[in-house]
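Asker: Got a sequence here, can you build the structure:
(one chain, ligands or ions: 2)
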Amino acid sequence: ATPTALMVGTGRGAKMGILIKDGEVLERANDIDTVVFDKTGTITVGQPKVTDIIGENQQVLMVAARLEAGSEHPLALAILDEAERQNFAVTSVENFEALSGKGVQALVDGQRAFVGNERLLTDFEVTDDLKRKMAQLQDEAKTVVLVGLQQKIIGLIAIQDTPKETSETAMSLLKDRGLRTVMLTGDNEHVARAIANEVGIDEVIANVLPAEKADQIKALQVDHTVAFVGDGINDAPALTTADVGIAMGAGTDIAIDAGGIVLVKNDLRDVNTALALSEKTFNRIK
Ligand code: ADP
Ligand code: MG
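Answerer: Residues are numbered from 1 along each chain as shown. Ligands and ions are numbered 1, 2, ... in the order given. This is a model prediction of the structure:
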């Protein structure tokens, strides 16, 4: 395309709330055959709520809330919201540590405690009964975190995030274009599949640690041209690794900086609008 055509294309995008960093990004967008999505905050609203507490409710929620007070993860915010709703006084803990893609741990009144997923469970046993409860909740598209205190799992907290209203339409638009859609998430496989089914994504890559997201994109790039759509700090490496990184406008500054395209209106349907714009720009004027 001529420089003028590129300027027209990026200008037209800007008017629609699709910021394209340069003409090269717009050109690469025309070759995309696979679109990979982050889950939380990208496909889902990103404001999860506590739906179920298994175990001695008050104690489970209190320990979890005290641990999560030091975290900014969406799951932490859900737990803290619930503690606030129940008027808990959330007192501080010691030796707080956030473990990326796993959870958090700290000393609660001098006792070792954690909240997070199975990856934290090196020296804990999960009973079959608990495993069954977890699977059941996960099949309902709920993310389950385990709460541990002094070498014992004291309970589970199920947290649900709902897909954005436009996610399903966004996926069908991309499928109509003949594209492959993939969900890439740190969450559990059951939860990921349940949400993928709801919105119509065919493929799921789950249990991916934040540091591994970019490697998963590289693996797909072996025989595909890949766009990645994300919103979080964790997503920045995947956004820069992808052939085209697409950041949600409501995402973190780090994600927005890493994206070659920014969806200002935060509307997932604009992934399709951006690809259509690229197609128009490059198929018309060669
Ligand atoms: P996503 O890819 O959905 O944005 P993350 O990589 O941020 O997910 O987290 C993956 C998983 O790690 C979560 O589903 C949860 O099991 C666990 N986790 C991470 N941070 C926390 C936290 N602060 N509290 C509880 N669990 C956490
Ligand atoms: Mg996210």
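Asker: Assign a three-state SS to residue 98, would you?
Answerer: Applying DSSP: H, G, I helix; E, B strand; the rest coil to residue 98 yields a three-state assignment of strand.
Asker: isn't it right up against residue 67?
Answerer: No. Contact criterion Cβ atoms under 8 Å: residue 98 and residue 67 do not qualify, at 9.8 Å. Any C-beta I mention is one placed from the backbone N, CA and C, and that applies to glycine too.
Asker: List the residues that are in contact with both of these two.
Answerer: residue 104 (Cβ atoms under 8 Å, 6 or more residues apart in numbering).
Asker: and the closest residue to ligand 1 within the stretch 151-286 of the chain, helix, strand or coil?
Answerer: Residue of the stretch 151-286 of the chain nearest ligand 1, by Cβ to the nearest ligand atom: residue 186 (2.4 Å). Under three-state DSSP, residue 186 falls in the coil class.
Asker: And the one 4 residues further on, by the same measure?
Answerer: Assigned with three-state DSSP, residue 190 falls in the helix class.
Asker: And for the one 5 residues further on?
Answerer: Under three-state DSSP, residue 195 falls in the helix class.
Asker: Number of residues surrounding the spatially closest residue to it that is not a sequence neighbour?
Answerer: Leaving aside its chain neighbours, residue 195 sits nearest to residue 141 (5.2 Å; criterion: Cβ to Cβ, 6 or more residues apart in numbering). A total of 22 residues lie near residue 141 under the criterion other Cβ atoms under 10 Å.
Asker: ok, now residue 206?
Answerer: Quick note: residue 206 (other Cβ under 10 Å) scores 17 neighbours.
Asker: how close does it get to ligand 2?
Answerer: According to Cβ to the ion, to the nearest Å, residue 206 stands 14 Å off from ligand 2.
Asker: my guess is that residue meets residue 182, correct?
Answerer: No. Residue 206 lies out of contact with residue 182 (Cβ under 8 Å); the separation is 10.9 Å.
Asker: of residue 98 and residue 67, who's got more company?
Answerer: residue 67 (30 against 17).
Asker: Does stretch 97-112 reach ligand 2?
Answerer: No. Shown here: stretch 97-112 not in contact with ligand 2 (Cβ under 5 Å from the ion), separated by at least 12.1 Å.
Asker: brain fart, stretch 208-219
Answerer: No. Using Cβ under 5 Å from the ion, stretch 208-219 never reaches ligand 2; the gap is at least 9.9 Å.
Asker: how about the CA coordinates for that stretch, as PDB?
Answerer: Extracted in PDB, the C-alpha atoms of stretch 208-219 (Å, rounded to 0.1, in the frame of the first residue of the first chain):
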ATOM      1  CA  VAL A 208      -0.200 -21.000  31.700                       C
ATOM      2  CA  LEU A 209       2.100 -19.100  34.100                       C
ATOM      3  CA  PRO A 210       2.300 -15.400  33.400                       C
ATOM      4  CA  ALA A 211       6.000 -15.800  32.400                       C
ATOM      5  CA  GLU A 212       5.000 -18.500  29.900                       C
ATOM      6  CA  LYS A 213       2.400 -16.600  27.900                       C
ATOM      7  CA  ALA A 214       4.900 -15.200  25.400                       C
ATOM      8  CA  ASP A 215       6.400 -18.700  24.900                       C
ATOM      9  CA  GLN A 216       2.900 -20.100  24.100                       C
ATOM     10  CA  ILE A 217       2.500 -17.400  21.400                       C
ATOM     11  CA  LYS A 218       5.900 -18.300  20.000                       C
ATOM     12  CA  ALA A 219       4.900 -21.900  19.700                       C
END
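Asker: Buried residues in that stretch, which are they?
Answerer: Residues of stretch 208-219 classed as buried by neighbour count (16 or more other Cβ atoms under 10 Å): 208, 210, 212-214, 216-217.
Asker: In TSV, list these along with pLDDT and secondary structure.
Answerer: Below are the buried residues of stretch 208-219 laid out as TSV (pLDDT from 0 to 100; DSSP: H, G, I helix; E, B strand; the rest coil):
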residue	pLDDT	secondary structure
208	95	coil
210	90	helix
212	96	helix
213	96	helix
214	98	helix
216	98	helix
217	98	helix
